[in-house]
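>>> Attaching a predicted model along with its sequence, questions to come.
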Amino acid sequence: MKKIKDFLSIEDFSPEEIDVDFLNQIILVPKNGTVDANIAEQGLILTLEAQNFCQEKIALLDRYIGYCETQKNKAWSDAALVKSKVDGHKTAKDKEWFAQSDETFITFCNKLTIAKATKKWFEGKANYYFGWHYTFKTFLKRDYPIERSSNLTFGAFEFEETPVVKSLQNIEVNTDDIEWE
């Protein structure tokens, strides 16, 4: 059983190492720019998967950002209260300047900046896929009534009951001879 802590674990996590090949492989519109009902239906699924992927990473990045902010504050405090004394700084302003230039503090500031930028990138991607999802959904809502009006359908569409259609509907397939694995 998976628990939320498994999804939000930031052990050995780095925003720079998130694999985005899945998002780069999604091509929503063919090169010729033509969208039909089949492409729109496939696009609905792809955009939902992409949005889900982005939202999972955003949640993970939120946790990582919180961790980095805590570590940044800890590094600043350690530098201002402990390391600055060892280095001989006595005034509050000297200690503050010393803490601002501490390598550990700067490292966590950089990690925090990267995490925030990555989160913003994923939020932009999620919005992009949301927009395409809405576009495909709107296209299908507009296109299905046109196809339904033709009285010919296969699968989700309706078709006119002709003698041939009625005979096809009454066909029974015997699967007793098939060896299922």
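Nice, I can see it. Numbers count the residues shown, from 1 in each chain.
>>> May I have the secondary structure class of residue 5?
Applying DSSP: H, G, I helix; E, B strand; the rest coil to residue 5 yields a three-state assignment of helix.
>>> tally of neighbours for it?
Applying other C-beta atoms under 10 Å, we find 7 residues neighbouring residue 5. (C-beta placed from N, C-alpha, C; glycine too.)
>>> Kindly report the same for residue 129.
Other residues within reach of residue 129, judged by other C-beta under 10 Å, total 23.
>>> Check the gap between it and residue 74 for me.
Spatial separation of residue 129 from residue 74 under the definition C-beta to C-beta, to the nearest Å is 37 Å.
>>> Ok, residue 85 next?
Separation of residue 85 from residue 74 (C-beta to C-beta) stands at 17 Å.
>>> what about stretch 22-37, start to end distance?
23 Å (C-alpha to C-alpha, to the nearest Å).
>>> wait, stretch 82-101
OK, stretch 82-101 end separation, C-alpha to C-alpha: 14 Å.
>>> Just give the closest residue to the residue positioned nearest the centre of the chain, not the sequence neighbours.
For the chain, the residue nearest the mean C-alpha position is residue 54 (1.4 Å; C-alpha atoms, centre = their mean). Spatially, and ignoring its direct neighbours in sequence, residue 54 is nearest to residue 126 (3.8 Å; C-beta to C-beta, 6 or more residues apart in numbering).
>>> residues near the one you found, how many?
Residue 126, neighbours per other C-beta under 10 Å, totals 19.
>>> Also residue 77?
Residue 77: 12 neighbours (other C-beta under 10 Å).
>>> likewise residue 80?
By other C-beta under 10 Å, the burial measure for residue 80, its neighbour count, is 21.
>>> same thing with residue 62?
Neighbours of residue 62 using other C-beta under 10 Å come to 13.
>>> From what I see, it and residue 119 are in contact.
Yes: look at residue 62 against residue 119 with C-beta atoms under 8 Å: they come within range, at 7.0 Å.
>>> Show me what the longest helix along the chain is packed up against.
Ordering each helix of the chain by length in residues (DSSP state H) puts helix 103-148 first. Applying 3 or more C-beta pairs under 8 Å, 6 or more residues apart in numbering; DSSP states H and E, one finds that helix 103-148 contacts helix 37-78.
>>> If you count neighbours, what's buried in the helix or strand following the helix it packs on?
For helix 37-78, the following helix or strand on the C-terminal side (DSSP states H and E) is helix 84-86. Neighbour counts using 16 or more other C-beta atoms under 10 Å place residue 84 of helix 84-86 among the buried residues.
>>> Relative to the whole chain's centre, how far out is helix 84-86?
Centre-to-centre, helix 84-86 and its host chain are 45 Å apart (C-alpha atoms, centre = their mean, to the nearest Å).
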